[in-house]
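[1] Sequence and predicted structure, then a few things I'm wondering about:
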Amino acid sequence: MPVFAGSELTCLRGDRLVFTGLEFRIGPGGALVLLGPNGSGKSSLLRVMAGLLKPLRGTLGWDGVAVAEDPDLHRSRVQYVGHLDAVKPVLTAVENLAFWAALAGAADPAANARAALDRLGVPHIAGVPGRYLSAGQKRRLNLARLLAAPAALWLLDEPTVALDRAAIALFEGLIAEHRAQGGMVVLSTHTDIATPGGEELHLDDFTPYADDEEAGSEDYEEEGAVP
Ligand SMILES: Nc1ncnc2c1ncn2[C@@H]1O[C@H](COP(=O)(O)OP(=O)(O)OP(=O)(O)O)[C@@H](O)[C@H]1O
């Protein structure tokens with residue numbers, strides 16, 4: 001059974017040391033909830049976990065083997081849903097999802113896509129182009145990717161933003177099912193998401209800028225603008 005762990009992780013964005021000495025460990029069926037104020041590094045850590053951002057120092061391991069040894073293998077066991085919607089505007093909802101399902105090697109990507117939209121409670125958006133979807137519909141479509149293109153480790157950046165209460169309850173059920181099958185979930189949030197037995201990781205325990213809110217808020221202008 002897989003164990004995903006990080007040791008002595010340090011992350012630099014621009015010239016800013018975002019977190020340092022960060023440790024985590026998550027086993028089969030585990031959930032890790034990332035908490036912390038704006039700019040404390042939740043998204044950065046998720047990107048590090050996904051292999052999209054290289055830590056300055058420290059290691060990520062999967063069953064004791066360094067993830068850096070085989071980045072492609074790691075990407076195949078991860079499904080990362082960022083807080084920006086990755087919906088292609090000209091493709092319909094089902095085409096968007098089928099694209100991801102095909103990438104994950106599904107035998108019948110369109111069937112996977114339709115089944116996932118059904119589970120997310122939005123079968124009626126199947127033929128609607130991405131550009132016409134509401135914020136909540138786009139969000140459900142992004143989360144449907146978790147079902148259409150299954151992976152052992154779900155990395156979710158503020159997954160409930162724009163979701164209505166019914167969708168949040170449905171989504172909590174999907175997380176519970178995934179964990180019951182031995183899957184793992186790491187998610188960032190500013191609200192409550194039910195993850196029974198999940199652990200919390202407080203990012204401000206690891207950032208040298210934890211009590212400097214002014215410095216944190218000034219650096220959101222644009223990519224590369226951080227002094
Ligand atoms: N592409 C980038 N280039 C330079 N600095 C960046 C970049 N992305 C993020 N940062 C900086 O890294 C720090 C951590 O940002 P991050 O988005 O990881 O925080 P967060 O905890 O997810 O914040 P929020 O709760 O607001 O989503 C911030 O100071 C931010 O300005």
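    Cool, the structure landed.
[2] now the most centrally placed residue in the chain, what's its secondary structure?
    Geometric centre of the chain, nearest residue: Leu156, 2.1 Å, by Cα atoms, centre = their mean. Leu156 falls in the strand class when you classify it by DSSP: H, G, I helix; E, B strand; the rest coil.
[3] For it, which non-adjacent residue is closest in space?
    Leu187 (4.1 Å; Cβ to Cβ, 6 or more residues apart in numbering). C-beta here means a position set from N, CA and C on the backbone, and glycine is covered the same way.
[4] roughly how far out does the host helix or strand of the one you found sit from the chain middle?
    Assigned by DSSP states H and E, Leu187 belongs to strand 184-188. In terms of Cα atoms, centre = their mean, to the nearest Å, the centre of strand 184-188 is set 7 Å apart from its chain centre.
[5] by contact count, what packs against that strand?
    Helices and strands touching strand 184-188, as assessed by 3 or more Cβ pairs under 8 Å, 6 or more residues apart in numbering; DSSP states H and E, comprise strand 31-35, helix 42-50, strand 153-157, helix 165-180.
[6] in the longest one, what counts as buried?
    Along helix 165-180, the positions that meet the burial threshold by neighbour count (16 or more other Cβ atoms under 10 Å) are 167-168, 170-172, 174-176, 178-179.
[7] what do you get for stretch 7-19?
    By neighbour count on 16+ other Cβ under 10 Å, the buried set for stretch 7-19 is 9-13, 16-19.
[8] next one: stretch 92-103
    Under the neighbour-count criterion of 16+ other Cβ under 10 Å, stretch 92-103 has 92-102 buried.
[9] Can you tell me which of those residues end up in helices?
    Assigned to helices by DSSP state H, the following of these qualify: 93-102.
[10] Adding pLDDT and distance to the ligand, write these out as CSV.
    Shown next, in CSV, are those (pLDDT from 0 to 100; distance: Cβ to the nearest ligand atom, whole Å):
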residue, pLDDT, distance to the ligand
Ala93, 97, 26
Val94, 97, 30
Glu95, 97, 29
Asn96, 96, 24
Leu97, 96, 25
Ala98, 97, 30
Phe99, 95, 25
Trp100, 93, 23
Ala101, 94, 28
Ala102, 95, 29
